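Participant: Everything below, folded, please.
(one chain, ligands or ions: 2)
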Amino acid sequence: MTITSTAPSLIPTTDEDPFSEAVLADPLPFQHRLREAGEVVLLERYGVYAMGRYDTVRSALLDWQGFESSAGVGITDFRAETPWRPPSLLLEADPPHHNAPRSVLAKILGPRELRSMAPRWQADAEALVDEVVARGTEFDAVESFAEAFPLRVFPDAVGIPDEGREHLLPYGDHLFNAFGPENFLVEHGAPHIGEHSAWVNEQCARDHISSGGFGDAIWAAADRGDLTTEQAPLVVRSLLSAGVDTTVHAIGAVLHAFATHPDQWARLREDPSLARVAFDEAIRLEAPVQTFFRTTTREIELGGVRIPERRKILMFLGSANSDPRHWHDPERFDLARDPSGHVGFGMGIHQCVGQHVARLEAVSLVTALARRVETIELTAAPVRHLNNTLRAWKTMPMRGTLA
Ligand code: HEM
Ligand SMILES: O=C(O)c1ccc(-n2ccnc2)cc1
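Facilitator: Ligands and ions are numbered 1, 2, ... in the order given. So this is what the prediction gives:
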């Protein structure tokens, strides 16, 4: 990182591009340079203020009044440009408008509500594992597990029809790319996002939602007056936008962590209750959701740097989760660590409301796999799937030995 100015009144600045193919493929060296350069570093290419240290990211996440979400959590300032789709009522909203949609979704996706689904998701995970190992002990962990399991359980849990579910992954992939700048990744998704969006928006209508699922519970909240009938479809859209690509790449992260740390897999097999901490430790270490933006609502001073009002700031969640100023031996995947406090799910009023869904999916799958498979190992180098926001794998060739 070339620091072009370090005088106290001037801001550490870099001309590096965190959304370049090279940095997206291997972000750790850039993130180290970013943390070393200071609490806040100006990315001169985008005029954006970047934060890579744990304490600075955590304080920005908690200060929703100073760092707002309602101007968008991507690089686009909704006050200056029209968003590519109507803004999210949760992710891209602040109190008071954020309150009702958040309260409704928090109840529907809460740990208590999900408890009744745990046996079914555990059985689905065991069925999937049996099907995969029946075909042989060599498999691609992305295709066979990370993609297959969320798509097997989540759309049914929302209550949308079977027809057209292939739109879900590419819709989410473009959504997460669109939080970043209009680079090669956004250009790649642009030609088809219209058809993916049309299908997603259609599924949010009440007449597409079957009874008993998350979608039905959202529409029931509208019947009770906890939401308006205009808000209900957008809250269902939040589930379809957030609910698949995130968990796909989270499960990929967990499986990659275990495949590269066989001693931790052995520990998990001895004590399956470690699956929960393994999930959070993998989210801390890999951070499937790497970054989110905010917009300053006033001039804010951080780390000796004065950030003007109405400027975009970029929080590197993955970098914060690997900051040696906060974490001991941060690059180590360690089931003995207490990963609580990690910012892989954000923190504060926007902290991930779907984390219990994600955790239940991952714990169900990993527990089922650990029961059937004694060891897992990579049989070839896994290949990254590049995205402006998500840290993801395209392929992960693996071999297991049956228990
Ligand atoms: C392991 C998978 C996941 C990760 C790493 C993740 C990460 C995050 C992060 C970092 C935020 C904070 C955004 C911000 O501060 O601007 C967030 C918010 C959110 N997440 Fe997730 N997420 C995951 C899965 C899910 C799932 C499965 C759902 C839905 C079923 C979901 C729904 C949401 C919603 C609705 C918000 C906005 C909450 C609000 O603004 O009040 N997420 N997530
Ligand atoms: O409301 C939306 O469209 C929306 C809400 C949340 C996410 N998200 C990001 C990470 N976890 C969830 C993505 C999209």
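Participant: Three-state assignment for G189, please.
Facilitator: helix (DSSP: H, G, I helix; E, B strand; the rest coil).
Participant: quick one: T401 is in a strand?
Facilitator: Yes. According to three-state DSSP, T401 belongs to a strand.
Participant: and it, how many residues sit next to it?
Facilitator: 10 (other CB atoms under 10 Å). Using the backbone N, CA and C atoms, a C-beta is placed for each residue, glycine as well.
Participant: wait, it sits on V373?
Facilitator: Yes. Counting by CB atoms under 8 Å, V373 is a contact partner of T401 at 6.9 Å.
Participant: okay, and the common contacts of these two?
Facilitator: T137 (CB atoms under 8 Å, 6 or more residues apart in numbering).
Participant: what about the helix or strand R294 falls within and ligand 2, any contact?
Facilitator: In the assignment (DSSP states H and E), R294 maps to strand 291-296. No. Figure legend: strand 291-296 not in contact with ligand 2 (CB under 6 Å from any ligand atom); closest approach 7.8 Å.
Participant: what mean pLDDT does the following helix or strand past that strand have?
Facilitator: Note on strand 291-296: by DSSP H and E, the next helix or strand toward the C-terminus is strand 300-302. In this model, strand 300-302 has a mean pLDDT of 93.
Participant: any chance you could read off phi and psi for the residue of the stretch 1-150 of the chain at minimum distance from ligand 2?
Facilitator: Ranked by CB to the nearest ligand atom, the top residue of the stretch 1-150 of the chain for proximity to ligand 2 is S88, at 3.0 Å. With angles defined as degrees, to the nearest 10, S88 sits at phi -70, psi 140.
Participant: since we're on the closest residue to it other than its chain neighbours, how many residues are nearby?
Facilitator: Distances taken as CB to CB, 6 or more residues apart in numbering place S238 nearest to S88, at 5.8 Å, with adjacent residues excluded. Using other CB under 10 Å, S238 has 20 other residues around it.
Participant: same deal with N321?
Facilitator: N321, neighbours per other CB under 10 Å, totals 25.
Participant: now it, nearest residue through space, not along the chain?
Facilitator: Per CB to CB, 6+ apart, closest to N321 is R284, 4.6 Å.
Participant: Q122 contacts L369, correct?
Facilitator: No. Applying CB under 8 Å as the test, Q122 and L369 come out as separate, 11.8 Å apart.
Participant: Look at the two and report which has more neighbours.
Facilitator: More crowded of Q122 and L369, by other CB under 10 Å: L369, with 28 against 16.
Participant: Contact partners for D124?
Facilitator: Contacts of D124 (CB under 8 Å, 6+ apart): F149, R152, V153, S364.
Participant: Now compare these and name the two farthest from each other.
Facilitator: R152 and S364 (10.5 Å; CB to CB).
Participant: These two: which is more packed in?
Facilitator: More crowded of R152 and S364, by other CB under 10 Å: S364, with 25 against 16.
Participant: and the more buried one, what does it touch?
Facilitator: Contacts of S364 by CB under 8 Å, 6+ apart are A118, W121, Q122, D124, A125, F149.
Participant: same thing but 10 Å
Facilitator: 117-126, 128, 149, 153, 251, 275 (CB atoms under 10 Å, 6 or more residues apart in numbering).
Participant: That one falls within a helix, correct?
Facilitator: Yes. Per three-state DSSP, S364 lies within a helix segment.
Participant: Who does the residue nearest to the spatial centre of the chain form a beta bridge with?
Facilitator: With distances taken as CA atoms, centre = their mean, the residue of the chain nearest its centroid is V289 (3.4 Å). Assessed by DSSP bridges, V289 has beta-bridge partners L390.
Participant: any idea how far the residue nearest to N321 is from A232?
Facilitator: 34 Å (CB to CB, to the nearest Å).
Participant: Where does the stretch 1-150 of the chain get nearest to ligand 1, which residue?
Facilitator: For the stretch 1-150 of the chain, CB to the nearest ligand atom, closest residue to ligand 1: L90, 3.9 Å.
Participant: so that residue is in which element?
Facilitator: With DSSP H and E as the criterion, the answer for L90 is that it lies in no helix or strand.
Participant: Enumerate the residues of the chain near ligand 2.
Facilitator: Residues of the chain lying near ligand 2 (CB under 6 Å from any ligand atom): S88, L90, L91, R237, S238, S241, A242, T246, V289, C352, G354.
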